[in-house]
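In: Sequence and predicted structure, then a few things I'm wondering about:
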Amino acid sequence: MEQTLLRIEENRPLTRDILKIRLTGDVSGVERPGQFVNIKLEGLFLRRPISVFDREEDAITLIYRTVGVGTRRLSEMKAGETLDVLTGLGNGYDLTRAGDRPLLLGGGAGVPPLYWLARVLREQGKRVTAVLGFNSAEDVFAEEDFRKLGCETTVTTADGSHGIRGFVTDAMPEEYSYFYACGPEPMMRAVDRRAKTEGEFSLEERMGCGFGACMGCSCRTRDGMKRICREGPVLRRGEILWEK
């Protein structure tokens, strides 16, 4: 974990409640797809955890949803302003298990952390399939980003207004070597029931500290309680004890 000041280069809307922000500076602490950062916002006690959409040599890009006071305040910040950011948080995805045909499953705000993963897997020569799920056409983002990487990309919408009508589980292919999933818990539970291979889930949870001190984001696993911010946010299939 490293604390650093990063400069906002852009902060613009992609949909009605989704924004894309690009930050430059020392981002050496961000090492692996699946990690997240924790942003301090003036006047608020708790930092806001946001997953990393992509990383460059001296920049990171985040995509976030405005859901409360903190993210609304972040959405109002302009290019040229700086942010106090904790970087290199979380364990990230295990790329050694991907196999030749990895499957990426993202739902809504769970889509962003899969992009950097997809880019790295494509650079390794993997045949990547991405299934992205949203509520409706006006909520869709990053579809073309995945396509430009060369991913076999399918979009589902719950109301059928774009792509396939239904959920990500309705568009899962028959053949894949391993899966990586991130999204709402009901989606990931459905993926767990449907999946034919081993895989990993990236969990979303409210966090206090973001680095394992407060135990506020713990979840039940077969090995006892694990902190999403420290031992996660990525956990393997079969490890999580889903709440009934």
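Out: Yes, it's here.

In: drop to CA atoms for contacts and neighbour counts, all remaining ones
Out: Noted.

In: what about residue 189, helix or strand, and which?
Out: Assessed by DSSP states H and E, residue 189 sits inside helix 185-194.

In: buried set for that helix?
Out: Applying a neighbour-count criterion of 16 or more other C-alpha atoms under 10 Å, one finds 185, 187, 188, 191, 192 buried in helix 185-194.

In: Same list (the residues you listed) but as CSV, adding distance to residue 110 and pLDDT.
Out: Shown next, in CSV, are the buried residues of helix 185-194 (distance: C-alpha to C-alpha, whole Å; pLDDT from 0 to 100):
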residue, distance to residue 110, pLDDT
185, 10, 89
187, 10, 95
188, 10, 92
191, 13, 97
192, 16, 95
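
In: Kindly indicate which of these lies nearest residue 104.
Out: Proximity to residue 104 was ranked across the buried residues of helix 185-194 by C-alpha to C-alpha; first place goes to residue 191, at 11.1 Å.

In: residue contacts, the closest one?
Out: By C-alpha atoms under 8 Å, 6 or more residues apart in numbering, the residues touching residue 191 are 169, 181.

In: Okay, it and residue 197: tell me how far apart.
Out: According to C-alpha to C-alpha, to the nearest Å, residue 191 stands 11 Å off from residue 197.

In: Residue 57 too?
Out: Per C-alpha to C-alpha, residue 57 is found 34 Å from residue 197.

In: now residue 226
Out: For residue 226, the distance to residue 197 (C-alpha to C-alpha) stands at 23 Å.

In: Have a look at these two and say which one is more surrounded.
Out: The neighbour comparison of residue 226 against residue 197 (other C-alpha atoms under 10 Å) goes to residue 226, with 20 against 12.

In: Which phi and psi values does that one adopt?
Out: phi -130, psi 140 (degrees, to the nearest 10).

In: Quick check: it vs residue 203, distance?
Out: According to C-alpha to C-alpha, residue 226 and residue 203 sit 11 Å apart.

In: Repeat that for residue 183.
Out: From residue 183 across to residue 203, the span is 7 Å (C-alpha to C-alpha).

In: Residue 6 too?
Out: Applying C-alpha to C-alpha, the value for residue 6 to residue 203 is 25 Å.

In: Under the pLDDT cut-off, which ranges of this structure? List them.
Out: Applying pLDDT under 70 to the chain flags residues 205-218, 220, 229-230, 232, 241, 244.

In: Do you have the helices of it handy? List them.
Out: Under the criterion DSSP state H, helices of the chain are mapped to 69-75, 112-123, 143-148, 185-194.

In: per the record, what domains does the chain have?
Out: 2-89, 95-204 (automatic domain parsing).

In: Looking at the ones you listed, which is nearest to residue 237?
Out: Residue 237 lies closest to domain 95-204 among those, at 5.4 Å (C-alpha to C-alpha).

In: residues contacting the most centrally placed residue in the chain?
Out: Compute the mean C-alpha point of the chain, and by C-alpha atoms, centre = their mean the closest residue is residue 113, 2.7 Å away. With contacts defined as C-alpha under 8 Å, 6+ apart, residue 113 is in contact with 33, 34, 35, 51, 52, 53, 54, 182.

In: Need the max-distance pair from those residues.
Out: The distance between the two most remote of the contacts of residue 113 (C-alpha to C-alpha) is 15.5 Å, for 54 and 182.

In: Comparing the two, which residue is more hemmed in?
Out: Higher neighbour count among residue 54 and residue 182: residue 182, with 28 against 22, using other C-alpha under 10 Å.

In: right, and that one touches residue 115 too?
Out: No. Between residue 182 and residue 115 there is no contact under C-alpha atoms under 8 Å: 11.2 Å.

In: Distance check, residue 107 against residue 62.
Out: Residue 107 is 16 Å from residue 62, where distance means C-alpha to C-alpha.
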